[in-house]
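1. Pasting a predicted model and its sequence here:
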Amino acid sequence: MKLNIYIFLLVILCISSCSGQVSDISRDSLVINVHNSLPEGWTLMIQDKELIIEKTDSIWILEGNWINAPREDYEDSEKNKKWIIEYGQRQTARIVFEMVDLWTPEKIDSTKRTDNPNLPDYNTELFSLYEKEVIGFDNEYQRIFPWYVSEEAFMIYHKIVKKTFNEIDKK
């Protein structure tokens, strides 16, 4: 009987220690709001202390320098679509944040006064987030196909993430 109780307690301890961060995130209403605001075809997941917002379908990305490119290189034409698919790489559009313990206002203020402040970019209710990776924005250094994914990624980042999470003032 005593052995059964010890085994039961050991199992409970393992489950609670392995799922701590995931269960915490489900109590964070800001993360839940971002998740609920995502357009169809996008997901939010927590993996290895990263918060990942990701497109379920893959995209094509063509790296390059389009700063002085002619206007027709930016058009959503059949020619540009074929060019991006032929010479680009298949990837997944995503926005990735590293999750760390929540920074308090006091910790943020004291870090600002150092010579090399390394402040998180955002706070949720329970975590602080460092922007780690953003893939899927059509810009002067990469073309994206399908084009609507770039518009969705831009909208997610600027209208959902920046408006929902608490951006940390780095001044």
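-> Cool, got the structure.
2. isn't there a helix covering Glu98?
-> No - using DSSP: H, G, I helix; E, B strand; the rest coil, the assignment for Glu98 is strand, not a helix.
3. Tell me which residues touch Ser29, please.
-> Residues near Ser29 by CB atoms under 8 Å, 6 or more residues apart in numbering: Glu125. All C-beta spots, glycine's among them, are computed from the backbone N, C-alpha and C.
4. ok, now how distant is it from Asn36?
-> 10 Å (CB to CB, to the nearest Å).
5. Looking at the closest residue to Asp57 other than its chain neighbours now. What's its pLDDT?
-> Excluding its sequence neighbours, the residue lying closest to Asp57 (CB to CB, 6 or more residues apart in numbering) is Gly41, at 6.3 Å. Gly41 carries a pLDDT value of 96.
6. Note down every partner strand of the helix or strand hosting Leu51 and its orientation.
-> Assigned by DSSP states H and E, Leu51 belongs to strand 50-63. Take DSSP bridges as the rule and strand 50-63 pairs in its sheet with strand 42-47 (antiparallel), strand 89-101 (antiparallel), strand 142-145 (antiparallel).
7. List the buried residues of the helix or strand just after it.
-> Later in the chain than strand 50-63, the nearest helix or strand by DSSP H and E is helix 78-87. Using 16 or more other CB atoms under 10 Å as the test for burial, helix 78-87 gives 80, 83-84.
8. that older thread, what's around the residue nearest to Asp57, how many residues?
-> The number of residues packed near Gly41 is 13, by other CB atoms under 10 Å.
9. Tell me the spacing between Lys55 and Glu75.
-> When CB to CB is applied, the distance between Lys55 and Glu75 equals 23 Å.
10. neighbour count winner among those two?
-> Using other CB under 10 Å as the criterion, Lys55 and Glu75 rank with Lys55 on top: 23 against 11.
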